[in-house]
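1. Provided below are the primary sequence and the corresponding predicted coordinates.
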Amino acid sequence: MLHIRPAVPSDLDFVVAGNLALAQESENLTLDQTVLREGVRALLEARAPGAYWIAELDGTAVGQTLITYEWSDWRNRMVWWIQSVYVSPGARQHGVFRGIHAHLRGAAAAAGAGGLRLYVDTTNVRAQQVYAALGMNGDHYRVFEDMF
Ligand SMILES: CC(C)(COP(=O)(O)OP(=O)(O)OC[C@H]1O[C@@H](n2cnc3c(N)ncnc32)[C@H](O)[C@@H]1OP(=O)(O)O)[C@@H](O)C(=O)NCCC(=O)NCCS
């Protein structure tokens, strides 16, 4: 049975491992583990504005997603951003992310948010197909960045 729950501080190792695997698999990037660990810890200890969610399949953690928040003046509401999406390879194509998405969509609506958004690497075709299958629109915006 699939269960979606808020992450707690003891999920630190699981979430860090998921992000290392995600960056390697989807962008061929090796993240700085020290920086990543502190970045995740800040969220799990509620010192940064965002929240991790954990997906458990029959009691075992198999997936993670980070939600961050962006104020939309056009909507006079918060928009929830989906980030750091990762499902363990052995648990894929069993509806785990479908369950995460449905849960967060419901939570965002209940919180009065204006909707859900995410960005995805242009080469990550599989994830793009998954998001489209869940009814998300990928045709509207492109993301431009100037990272320091
Ligand atoms: C992208 C990812 C999160 C999808 O998770 P998942 O739990 O396997 O997805 P689901 O099983 O919930 O699939 C949801 C829907 O997407 C579609 N889908 C699933 N896998 C797919 C695939 N490999 N190709 C195309 N469509 C797919 C299906 O329509 C599915 O609906 P269905 O189960 O009713 O058929 C997972 O593959 C993953 O962790 N990939 C590596 C990390 C990554 O790329 N993260 C995204 C960064 S932006």
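-> Arrived safely.
2. just checking, what packs against the longest strand along the chain?
-> As assigned by DSSP state E, the longest strand anywhere in the chain is strand 60-72. When contacts are defined as 3 or more CB pairs under 8 Å, 6 or more residues apart in numbering; DSSP states H and E, strand 60-72 sits against helix 12-27, strand 50-57, strand 77-87, helix 96-110. (Glycine included, C-beta is placed from N, CA and C.)
3. which non-adjacent residue is nearest residue 115?
-> Leaving aside its sequence neighbours, residue 115 sits nearest to residue 79 (CB to CB, 6 or more residues apart in numbering; 5.8 Å).
4. just say helix, strand or coil for the residue of the chain most remote from its centre.
-> Going by CA atoms, centre = their mean, the residue of the chain most distant from its centre is residue 74, 24.0 Å out. Of the three states, residue 74 takes coil under DSSP: H, G, I helix; E, B strand; the rest coil.
5. roughly how far apart are it and residue 114?
-> As judged by CB to CB, to the nearest Å, residue 74 and residue 114 stand 8 Å apart.
6. which ones are touching the spatially most central residue of the chain?
-> The residue lying closest to the centre of the chain (CA atoms, centre = their mean) is residue 65, at 2.9 Å. Neighbour list for residue 65: 52-53, 55, 82-86, 97, 100, 104 [criterion: CB atoms under 8 Å, 6 or more residues apart in numbering].
7. repeat that for 6 Å
-> 53, 82, 85, 100 (CB atoms under 6 Å, 6 or more residues apart in numbering).
8. in terms of helices and strands, where is residue 34?
-> Per DSSP states H and E: residue 34 is located in helix 33-44.
9. which other helices and strands does that helix contact?
-> helix 12-27 (3 or more CB pairs under 6 Å, 6 or more residues apart in numbering; DSSP states H and E).
10. if you count contacts, what does the helix it packs on end up packed against?
-> Checking 3+ CB pairs under 6 Å, 6+ apart, helix 12-27 ends up next to helix 33-44, strand 60-72, strand 77-87.
11. avg pLDDT for that helix?
-> Helix 12-27 carries an average pLDDT of 98.
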